[in-house]
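> Coordinates for the following, if possible.
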Amino acid sequence: MISDAEHRALGVSTFNHCWDLLEQPSTSERNEELLTNAFTSLYHWRFVATPKELAIGEWMVARAAAEGGWSDLALTYMNRSSERLSTFDAPDWLVASTSEGFARVYLLGGQLDEARIWFERARQQVASIASEGERAVIASQVEELSALIAPA
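Here you go, the predicted structure:
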């Protein structure tokens with residue numbers, strides 16, 4: 001039996017490993033490892049997490065699926081993450097990150113108009129993030145998409 005502390009530690013370590021993987025060049029092996037770690041993290045968080053942590057975990061699954069080109073799976077988990085945001089007072093950075101995630105997923109799915117809508121929403125939300133550090137992190141994620149989502 002795994003204790004709550006062990007579930008939390010495994011959730012954190014596999015989530016952090018996802019960030020390490022995202023810094024590596026995309027390969028099929030990396031993308032499979034990324035998705036496996038994202039699901040593993042979410043699995044462990046389900047035992048001990050608040051809605052906020054679950055929303056973040058679902059966002060990471062969507063991000064990992066998007067990295068691997070699995071657009072349907074990515075959209076499913078972005079929708080789950082977004083729906084969960086309505087169950088608590090989500091911080092400004094998480095709301096902006098969710099918008100960035102939808103832009104990324106719609107871009108992957110070839111829905112450029114929808115991607116642009118979410119991209120612009122994310123850009124506006126980033127400007128309102130209170131914490132300078134959190135704003136910089138989310139702004140960098142949004143910036144990754146800017147070259148891919150050219151204005152109409």
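> Please enumerate the helices of the protein.
4-22, 28-48, 51-68, 71-85, 92-108, 112-127, 132-146 (DSSP state H).
> by contact count, what packs against the last one?
In other words, helix 132-146. helix 92-108, helix 112-127 (3 or more CB pairs under 8 Å, 6 or more residues apart in numbering; DSSP states H and E). No exception for glycine: its C-beta is placed from N, CA and C like everyone else's.
> and stretch 28-38, which residues are buried?
31, 33-35, 37-38 (16 or more other CB atoms under 10 Å).
> show me what contacts the residue positioned nearest the centre of the chain?
Centroid-nearest residue in the chain: residue 59, 3.3 Å away (criterion: CA atoms, centre = their mean). Residues counted as contacts of residue 59 (CB atoms under 8 Å, 6 or more residues apart in numbering) are 77-78, 81, 97-98, 101.
> Put together TSV for those residues, with distance to residue 129, neighbour count and pLDDT on each row.
Formatted as TSV, those follow (distance: CB to CB, whole Å; neighbours: other CB atoms under 10 Å; pLDDT from 0 to 100):
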residue	distance to residue 129	neighbour count	pLDDT
77	23	26	98
78	19	26	98
81	18	25	97
97	9	26	96
98	13	26	97
101	15	25	96
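> In CSV: those residues, plus distance to residue 64.
What follows is those, written out as CSV (distance: CB to CB, whole Å):
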residue, distance to residue 64
77, 9
78, 12
81, 12
97, 14
98, 15
101, 11
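> Out of those, which comes closest to residue 134?
Checking the contacts of residue 59 against residue 134 by CB to CB gives residue 97 as the nearest, at 9.0 Å.
> Surely that closest one touches residue 140?
No. Proximity of residue 97 to residue 140 does not meet the contact threshold set by CB atoms under 8 Å, at 11.1 Å.
> Domain map for this structure?
When the chain is parsed with automatic domain parsing, its domains come out as 1-69, 91-152.
> weakest of these in terms of mean pLDDT?
If the domains of the chain are sorted by mean pLDDT, domain 91-152 sits at the bottom with a mean of 93.
> leaving aside the residues next to it on the chain, what's closest to residue 42?
residue 57 (4.0 Å; CB to CB, 6 or more residues apart in numbering).
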